[in-house]
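K.L.:
Need a 3D model of the sequence below.
(chains A and B)
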Amino acid sequence: MGNRRDFIKKGSLVAASTVLGLEIVFSNNLPKGMSPIILDEGDFYTLFNKDKDMVILNDRPWNAEAQAHILDDEITPASKMFVRNNGIIPKNIDVNNWKLTIDGESVESPRTFTLSDLKKFPKSSYRLTLECGGNGRSEFDPPAKGNQWSIGAVSCATWSGLRLGDLLTEVGVNDDAVYIGYYGADTHLSGSADKNPISRGVPISKAMLDETLIAYEMNGEDIPIAHGYPLRLVAGGWPASASGKWLTKLVVRNKVHDGAKMGGQSYRVPCESVDPGTKVEDEQMCIIESMPVKSLITYPKSGAMITLDRRLAIRGHAWAGELSIKQVEYSIDFGATWLSCELKSAHNRLAWQRWSANIKFPKKGYYEVWARATDGQGTMQPMVLPGWNPKGYLNNACHRIAVKVS
Amino acid sequence: MDDKNFLLLIRKIFIVTLLLSLVAIGLFSSTCYYYLDPQLTILQPKNQEEPIEDINLIKDGIHVSTGLIANEGVMLVVQNCTSCHSSKMITQNRATKEGWRSMIKWMQQTQNLWDLGANEEKIIDYLAANYPPQKKGRRAILKNIEWYELD
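P.N.:
Next comes the predicted model:
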């Protein structure tokens, strides 16, 4: 079924097969596990059915981000969702034999589940904000190494599946459990079979939250291949790297998980702030947990020209990791004065919140419209870059667009 | 006469049926082929041997197949870096010699990058000379704005 889905998503093939009524014939003839599409080379946009305004940062592994103006949907469609891969997308996914193993030193006894076993658990759906820890990295000075994300490595889609907490309760977790770690079916760039591209996780307290899912659907459909088909751990509000794709194994640990990109400098910031450019020892780097308060102006697209007699409607999203958003304001005078936006409550915890405003410009000229969100604890986005860190994480500086009034 | 007309009719029907089935077989097999080979490689020019030469092609100061700046040391970078990851990983980053050295060290410690031997310094020289850090300040001005009339 999964292979056929991937197959059918190839637009023009749908037309051909529908017209000729050959769809079923072909899916039956396809050898089991055969995927005729090579996913680590070719045209990104057609391979993964992505919007033409997505920007590719890297093609091995695939990394691509959205631009602010294509993120205007309240629920991010798959075509506009950023892709951050650390390894090579698994080939020959066989959903009938896909297994999820729960193991680790703090599990009562290891267990293995098939996809249909997992689908017997109660199903939950949440809109969950997933933002790459390195979103905004491109602005840091001195520059930080890695993919140079600007602002588009964020999404809020509807994820559905079982609660990780339900699964852990079913398997039985020892009292000494502190962390869960994931393993996926993606392979290391070097081709080495004994290396994981990435194996991160979350503390047991985050794992047990209602919204932490083992998802098998995104926006009501199978999860797209680039986003973890057929199974993904989804821990909204945390760096998206905590949400492991192509999930095959979860380990319940009696210490902080030590998988690939948990240690060293990965997804960590200095425990104590440092002056820009400082080399920080690994022991002085702390794991990023909840993401900071942030917002985006998703309408209009930067560069709008309007006449003085018109008001400008603006809107966007705001989110704050585990917290909610209390207020969003905008400024048209580089932060000298701020006006309040209308703010909607979240669809559910960990979903981004919609905000909007209607601007009357006082006179002709060049303007920048800046948006600034405040989280439930009163913390605001900075207008300048936040504290420098070696890997360029957590840039939550205000977003702005350019407007000309004539 | 009637028999002759009848035979002619049969013949016409036969020819039409034959033609229709030929069309159907043609459509069916081309669709089959399209499923198995969506890139339609059979239609692409046969002179596919050319790209082998293209690996060294340099145009307007750029190494074409990777997009790297074609200065001294570029082929060492092509050979040692882009066999594992995309050249985009290089061209989107900026760093000093120390910065590039630490990236290489990280790749050697965690990503199976081999010992670069005497080429290491040459590679670092190339990277630091062609992809050096640029001052961005605490917040840059907005650049590359595409102006448009808002309806």
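K.L.:
Identify the residues contacting A:Leu233.
P.N.:
Going by C-beta atoms under 8 Å, 6 or more residues apart in numbering or on different chains, A:Leu233 touches A:Leu164, A:Tyr182, A:Thr212, A:Leu213, A:Ile214, A:Ala215, A:Ala242, A:Ser243, A:Gly244, A:Leu247, A:Leu250. C-beta here means a position set from N, CA and C on the backbone, and glycine is covered the same way.
K.L.:
ok, the first one touching A:Asp210?
P.N.:
Think A:Leu164. No: when contacts are counted by C-beta atoms under 8 Å, A:Leu164 is not listed as touching A:Asp210 (9.7 Å).
K.L.:
Quick one: the contacts of A:Leu233 as a markdown table, columns for distance to A:Gly365, secondary structure and neighbour count too.
P.N.:
Listed next are these as a markdown table, based on distance: C-beta to C-beta, whole Å; DSSP: H, G, I helix; E, B strand; the rest coil; neighbours: other C-beta atoms under 10 Å in any protein chain shown:
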| residue | distance to A:Gly365 | secondary structure | neighbour count |
| --- | --- | --- | --- |
| A:Leu164 | 52 | helix | 26 |
| A:Tyr182 | 51 | strand | 27 |
| A:Thr212 | 48 | coil | 28 |
| A:Leu213 | 48 | strand | 28 |
| A:Ile214 | 52 | strand | 23 |
| A:Ala215 | 48 | strand | 28 |
| A:Ala242 | 44 | helix | 26 |
| A:Ser243 | 44 | coil | 25 |
| A:Gly244 | 49 | coil | 29 |
| A:Leu247 | 52 | strand | 24 |
| A:Leu250 | 56 | strand | 25 |
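K.L.:
Report the helix or strand with the lowest average pLDDT across chain B.
P.N.:
When the helices and strands of chain B are scored by mean pLDDT, DSSP states H and E, helix B:50-54 comes last with a mean of 54.
K.L.:
hmm, back to that, pipe the contacts of A:Leu233 into a markdown table and attach pLDDT and distance to A:Pro143 per row.
P.N.:
Below are the contacts of A:Leu233 laid out as a markdown table (pLDDT from 0 to 100; distance: C-beta to C-beta, whole Å):
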| residue | pLDDT | distance to A:Pro143 |
| --- | --- | --- |
| A:Leu164 | 98 | 36 |
| A:Tyr182 | 98 | 30 |
| A:Thr212 | 98 | 34 |
| A:Leu213 | 98 | 35 |
| A:Ile214 | 98 | 37 |
| A:Ala215 | 98 | 34 |
| A:Ala242 | 98 | 25 |
| A:Ser243 | 98 | 27 |
| A:Gly244 | 98 | 28 |
| A:Leu247 | 98 | 33 |
| A:Leu250 | 98 | 35 |
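K.L.:
In PDB, list the C-alpha atoms belonging to the helix or strand A:Asn63 falls within.
P.N.:
Per DSSP states H and E: A:Asn63 is located in strand A:62-65. The C-alpha trace of strand A:62-65 is given here as PDB (Å, rounded to 0.1, in the frame of the first residue of the first chain):
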ATOM      1  CA  TRP A  62      18.200  16.800   1.500                       C
ATOM      2  CA  ASN A  63      17.700  20.000   3.400                       C
ATOM      3  CA  ALA A  64      15.200  22.700   2.300                       C
ATOM      4  CA  GLU A  65      13.300  25.500   3.900                       C
END
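K.L.:
quick one: it to chain centroid distance?
P.N.:
On the basis of C-alpha atoms, centre = their mean, to the nearest Å, strand A:62-65 sits 11 Å off its chain's mean C-alpha point.
K.L.:
my read is B:Leu19 is in a strand, agree?
P.N.:
No: per DSSP: H, G, I helix; E, B strand; the rest coil, B:Leu19 lies outside any strand segment and is helix.
K.L.:
For A:Ala185, give me its contacts.
P.N.:
Contacts for A:Ala185 (C-beta under 8 Å, 6+ apart) come out as A:Pro90, A:Ile93, A:Trp246, A:Thr248.
K.L.:
Name the member of those residues with the most neighbours.
P.N.:
Comparing the contacts of A:Ala185 by number of neighbours (other C-beta atoms under 10 Å in any protein chain shown), A:Trp246 comes first, having 24 neighbours.
K.L.:
close enough to count as contact, it and A:His227?
P.N.:
No: A:Trp246 is beyond contact range of A:His227, at 9.5 Å (criterion: C-beta under 8 Å).
K.L.:
rewinding a little: return only those of the contacts of A:Ala185 found close to chain B.
P.N.:
Near chain B, judged by C-beta under 8 Å from any C-beta of the partner chain, there are no entries from the contacts of A:Ala185.
K.L.:
List just the nearest of those residues to A:Glu272.
P.N.:
Closest approach to A:Glu272 among those (C-beta to C-beta): A:Trp246, at 36.2 Å.
K.L.:
can you pull the contacts of that closest one?
P.N.:
Counted by C-beta under 8 Å, 6+ apart, A:Trp246 has contacts A:Ile89, A:Pro90, A:Ile93, A:Gly184, A:Ala185, A:Asp186, A:Gly228, A:Tyr229, A:Pro230, A:Leu231, A:Arg232.
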